[in-house]
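Enquirer: sequence first, then the predicted structure:
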Amino acid sequence: QVQLVESGGGLVQAGGSLRLSCAASGRTFSSHNMGWFRQAPGKEREFVGVISWTGRSTTYADSVKGRFTISRDNAKNTMYLQMSSLKPEDTAVYYCASSGSYYGSTQQNYGYWGQGTQVTVSS
């Protein structure tokens, strides 16, 4: 069983930065690939990015590439999402998720999800 808790969301002006954290319980975190997703009001949840269990590989959605960076600290059982050059269209609830051995953007392959943290970017 893996429990995930996101934190770090808030209100930020366009062009600003924010760092989200995803704290995981359980000893399997360090062997799981992890992802970030987001859901804007009235829209479906979408893929933001994924990081391999080693942290050596990352893949991002085109909409955030070059602006967002995913990292992880397996010793702390924590994954991060550093967001910069934020835009109003980045406003959403951000979720972290654990996929085990799967590395990709398909939500159905992620078995554990956090409760989400709200990010609001004002113009």
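Expert: Arrived safely, thanks for sending.

Enquirer: from the contact counts, what lies against the strand ranked longest in the chain?
Expert: When the chain is scanned for its longest strand (criterion: DSSP state E), the result is strand 92-100. Secondary structure elements in contact with strand 92-100, counted by 3 or more C-beta pairs under 8 Å, 6 or more residues apart in numbering; DSSP states H and E, are strand 4-7, strand 18-24, strand 33-39, strand 78-83, strand 112-113, strand 117-122. Placement of C-beta: from N, CA and C, glycine included.

Enquirer: chain center to that strand, what's the gap?
Expert: 5 Å (C-alpha atoms, centre = their mean, to the nearest Å).

Enquirer: got the contact list for the most centrally placed residue in the chain?
Expert: What sits nearest the mean C-alpha location of the chain, by C-alpha atoms, centre = their mean, is residue 36, with 2.6 Å. Neighbour list for residue 36: 20, 22, 48-50, 68, 70, 79, 81, 94-97 [criterion: C-beta atoms under 8 Å, 6 or more residues apart in numbering].

Enquirer: out of those, which is most surrounded?
Expert: Each of the contacts of residue 36 was scored for neighbours by other C-beta atoms under 10 Å, and residue 96 scores highest at 29 neighbours.

Enquirer: please name the nearest non-neighbouring residue to that one.
Expert: residue 22 (3.4 Å; C-beta to C-beta, 6 or more residues apart in numbering).

Enquirer: before we move on, what about residue 67?
Expert: Closest to residue 67 by C-beta to C-beta, 6+ apart is residue 85, at 4.7 Å.
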